[in-house]
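Asker: Sequence below, structure please.
(4 chains)
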2 protein chains.
Amino acid sequence: MSVTILENRSQTATRADDAFDCLQTAIVKGDLAPGEKVGEIDLCERFALTRGPLREALGRLESRGLLIRRPHAGFKVVSISGDELVELYRIREAMEGLAAQQAAERMTDEEITDLLALLDRHEEMVDQAQGQAYYQHEGDYDFHYRIAMGSRNRKLSQMLLGDLYYMVRMYRYRLSTSAGRPHKALREHRSIADAIAQRDGELARFLMQRHINAARLNIENKIQSGSLTL
Amino acid sequence: MSVTILENRSQTATRADDAFDCLQTAIVKGDLAPGEKVGEIDLCERFALTRGPLREALGRLESRGLLIRRPHAGFKVVSISGDELVELYRIREAMEGLAAQQAAERMTDEEITDLLALLDRHEEMVDQAQGQAYYQHEGDYDFHYRIAMGSRNRKLSQMLLGDLYYMVRMYRYRLSTSAGRPHKALREHRSIADAIAQRDGELARFLMQRHINAARLNIENKIQSGSLTL
DNA sequence: TAGGCCGATATTGTCAACAATATGTCCGTT
DNA sequence: AACGGACATATTGTTGACAATATCGGCCTA
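Answerer: Numbering: from 1, shown residues only, chains lettered A, B, ... in the order given. You can find the predicted model right below:
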């Protein structure tokens, strides 16, 4: 959940780190609404912090694109338009395609075994909850998370997990999946995992790109039909 | 040069912003060597800053991956291995391919005219300086910069210009181009620009990917032959 | 009455002193 | 003599007070 795994924040966590994690999850979970203006003092009492570490965390959030700062005028939570959300998926298509290819070439056999087991667990979840749960409970991101890590490409995983996913997850709760899509998405995940298991990098890349492309089209339709308001 | 254009830091620049820019260029230019350990106090007197803004800048640099922090033990400038440098080019290949495609679809006619004019100027520079100057004087990055901006994809340009290029440019001065490569690179640039001028997105993407792939192979050869030490 | 200017206020940016922690050294022990 | 542990030191992390600036309301003018 936290970013700890990514940047091996080896030893003691500093308060600024805590503040960073708190704020990040607050933004992603929607506790701080997109577009909302946030004041330093509010946040201080809200998270029981002093302004120093808080400001440091705010700066880091800004540099990750989750907050927007206007000098002397405070921060506000980033809010992206429908178009920008779609653009995010185009980036994902390119980057995760690469990640899938490299993962197919570089994941250990053990990691692949785990990946397949993860999909089994996801299948149970989807059956059990009639497809509702998959996206809601971050299972989807678990899958993509493992692919990103499996690429053994430090910068790539850093950019995917640190920059893109948080933005996408901000709008996750509104993207209640259309009926049937979870099953379809899970099938697509499995085909990607199979390609990885066969060490077929090109196929994995192709399938991942098509998978994310499908998700993008799904969102575009929702925006078109007006059932998704940003 | 600065990041100002990217994030429209509309009004007054704060000292932390200055510190950020100073440190960033210092790292990119090599004034702060890769792997070098930097102490807060040293930097304070070096850039005539106080610790508050400095720390904020350091945090932002860390979150961009140019610095690495160990809690209570200071920062050091990131130093990447040859493998990691190559991985960077794989990411560029995927992302800039997308950027080129979107640029072909979205740049204004005026921007395209300017782009072609830019290449004319570059040609003069290359002829005049026998090919030395192209990479050295950031002309190369000017071209890629315009493509990234032309994609009209905010996050994409932000990631390319804010995350990737600075890391690549850190190692630019060591990548003295092999004889003849600048001319070749310029030809490739021109073919990409032509594809964009013809609004052929798929071709532009293909050519850009091949262009960056060639640059990657060039680097891999240098590493192999031992003529590039990291 | 509408528009723009100006100042009070609250918020952000900056500073310098204090507390907590890692590093490196010295000493004692084995 | 070499290793391990504890201490001193220097560096980082944190705090609260101070200075600078944008926002908002009221006032004046056209």
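
Asker: only C-alpha atoms for contact and neighbour calcs from this point on.
Answerer: Noted.

Asker: Give the residue spans of chain A that score low on pLDDT.
Answerer: Low-confidence segments of chain A, defined by pLDDT under 70: A:1-12, A:129-140, A:173-180, A:227-230.

Asker: how near is the residue in it sticking out farthest from the centre to DNA strand D?
Answerer: No residue in chain A has its C-alpha farther from the mean C-alpha position than residue A:72, which lies at 30.8 Å (C-alpha atoms, centre = their mean). Distance, residue A:72 to DNA strand D, by C-alpha to the nearest atom of the strand, to the nearest Å: 5 Å.

Asker: what do you get for residue A:55?
Answerer: According to C-alpha to the nearest atom of the strand, residue A:55 and DNA strand D sit 9 Å apart.

Asker: Report the contact partners of that residue.
Answerer: Contact analysis of residue A:55 by C-alpha atoms under 8 Å, 6 or more residues apart in numbering or on different chains lists A:40, B:56.

Asker: in what helix or strand does it lie?
Answerer: Assigned by DSSP states H and E, residue A:55 falls within helix A:51-63.

Asker: Just the CA trace of that helix, in PDB.
Answerer: Output of helix A:51-63 as PDB, limited to C-alpha atoms (Å, rounded to 0.1, in the frame of the first residue of the first chain):
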ATOM      1  CA  ARG A  51       4.500  22.700   9.500                       C
ATOM      2  CA  GLY A  52       8.100  21.800   8.700                       C
ATOM      3  CA  PRO A  53       7.700  18.100   7.800                       C
ATOM      4  CA  LEU A  54       4.300  18.900   6.300                       C
ATOM      5  CA  ARG A  55       5.700  21.400   3.900                       C
ATOM      6  CA  GLU A  56       8.400  19.000   2.900                       C
ATOM      7  CA  ALA A  57       5.700  16.400   2.200                       C
ATOM      8  CA  LEU A  58       3.600  18.900   0.200                       C
ATOM      9  CA  GLY A  59       6.600  19.700  -1.900                       C
ATOM     10  CA  ARG A  60       7.100  16.100  -2.800                       C
ATOM     11  CA  LEU A  61       3.500  15.700  -3.600                       C
ATOM     12  CA  GLU A  62       3.600  18.700  -5.900                       C
ATOM     13  CA  SER A  63       6.600  17.200  -7.700                       C
END
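
Asker: ok so, going back, the residue farthest from the centre of chain A belongs to a helix, doesn't it?
Answerer: No: read with DSSP: H, G, I helix; E, B strand; the rest coil, residue A:72 is coil and lies in no helix.

Asker: quick revisit: what residues of the helix holding residue A:55 count as buried?
Answerer: Across helix A:51-63, burial judged by 16 or more other C-alpha atoms under 10 Å in any protein chain shown covers A:53-63.

Asker: ok now that helix, how far from the chain's centre?
Answerer: Its chain's C-alpha centre lies 21 Å from the corresponding centre of helix A:51-63 when counted by C-alpha atoms, centre = their mean, to the nearest Å.

Asker: next helix or strand past it?
Answerer: Following helix A:51-63 in sequence, per DSSP H and E, is strand A:67-69.

Asker: For that next one, give me every contacting residue.
Answerer: A:58, A:61-62, A:75-78.

Asker: could I get those as JSON lines with distance to residue B:42?
Answerer: Output for the contacts of strand A:67-69, formatted as JSON lines (distance: C-alpha to C-alpha, whole Å):
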{"residue": "A:58", "distance to residue B:42": "25"}
{"residue": "A:61", "distance to residue B:42": "26"}
{"residue": "A:62", "distance to residue B:42": "26"}
{"residue": "A:75", "distance to residue B:42": "31"}
{"residue": "A:76", "distance to residue B:42": "34"}
{"residue": "A:77", "distance to residue B:42": "35"}
{"residue": "A:78", "distance to residue B:42": "35"}
